Each structure stands twice: as C-alpha cells, then as structure tokens.
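Asker: Sequence and predicted structure, then a few things I'm wondering about:
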Amino acid sequence: MITNFFIPELNNHDFQELWFQQDGATCHTARATIDLLNNTFGDRLISRFGPVNWPPRSCDLTPLDYFLWGYVKSLVYADKPQTLDRLEDNIHRVIADIRPQMLEKVIENWTSRLDYIRASRGSPMPEIIFKM
C-alpha cells in the first residue's frame, strides 16, 4: 500500500514540510518499511526505529489520541454518511475546518499534561477534561 498508493499519491502534492507518524505496530516497523519511509520523509518520520521515536504509549500524552481522533470522528459521523464518497467528503471537510487557534489550544493542553507528568515524576494522571 505504501509503495503502490501512498508514495505515488504524495508525489502529486508538495509534501516537503509534511511529517509522517505511524504507530509502533511490529508489522509497520519492518526494516524495508522504515527504510522506505526514511528515504521519503528523512528526519520528518515519527516511528519506532525512525529518526523521531514514537512517543510513549500513553493516550493522555498523545494529542492524536486524546483529541484529534475523537473530535474528527464525532463530526465525520454526525450526518451518518451512507457512502464511501460521503464519508471521504466529511473527513476532508472536518480536517480542513480545523483552525490554527484550535491546534494552539491542543498544544497548550499537551504542554500542561507534560508539566503535570514532570512535576509528579510520572505518576498516573487524574482525569483531565480537554477545554476548548
């Protein structure tokens, strides 16, 4: 999929500033896969065995987990899309509507989470409610 679809699709766009993050699943970190992604993204690869190591597996510390996926999913499925085309349109629309101000708040929340972890020397976090 990476070789036959993803990389050719990337070549249709200007991706020189794009970062790529993948999860740490063993099947995603085969040497050939990491080599291909390193050649494509260079130091903009976030992955196990990549130049930027995959972050700790805490959903409390990963903005994609504690914010983005839930936020996007709630809006993408709000109108109960019945076709793949409608689902794709919804995904594109929701992602395009994310404003820099929202991402700034996500990063502020993320840094406060990191501060808490540092101050508590890694103890479990109490339930944190994301504030927008």
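Answerer: In hand now; what should we look at?
Asker: Tell me how many other residues surround P51.
Answerer: Number of residues near P51 (other Cβ atoms under 10 Å) recorded here: 14. From N, CA and C alone the C-beta is placed, and that goes for glycine too.
Asker: Kindly apply the preceding question to D14 instead.
Answerer: The burial count for D14: 8, using other Cβ under 10 Å.
Asker: Just the pLDDT for it.
Answerer: Looking at D14, its pLDDT stands at 79.
Asker: ok, now the one 5 residues further on?
Answerer: pLDDT, W19: 84.
Asker: 582 is where my numbering starts, stick with that
Answerer: With 582 as the first residue, the last one maps to W600.
Asker: Skip the chain neighbours and tell me the closest residue to it.
Answerer: R625 (4.4 Å; Cβ to Cβ, 6 or more residues apart in numbering).
Asker: for that neighbour, what are its contacts?
Answerer: Under the criterion of Cβ atoms under 8 Å, 6 or more residues apart in numbering, the neighbours of R625 are L599, W600, F601, V633.
Asker: Apply 7 Å and report the result again.
Answerer: L599, W600, F601 (Cβ atoms under 7 Å, 6 or more residues apart in numbering).
Asker: what comes up buried for the longest helix along the chain?
Answerer: Using DSSP state H to define each element, the chain has its longest helix at helix 681-700. Under the neighbour-count criterion of 16 or more other Cβ atoms under 10 Å, helix 681-700 has V687, N690, W691, R694, I698 buried.
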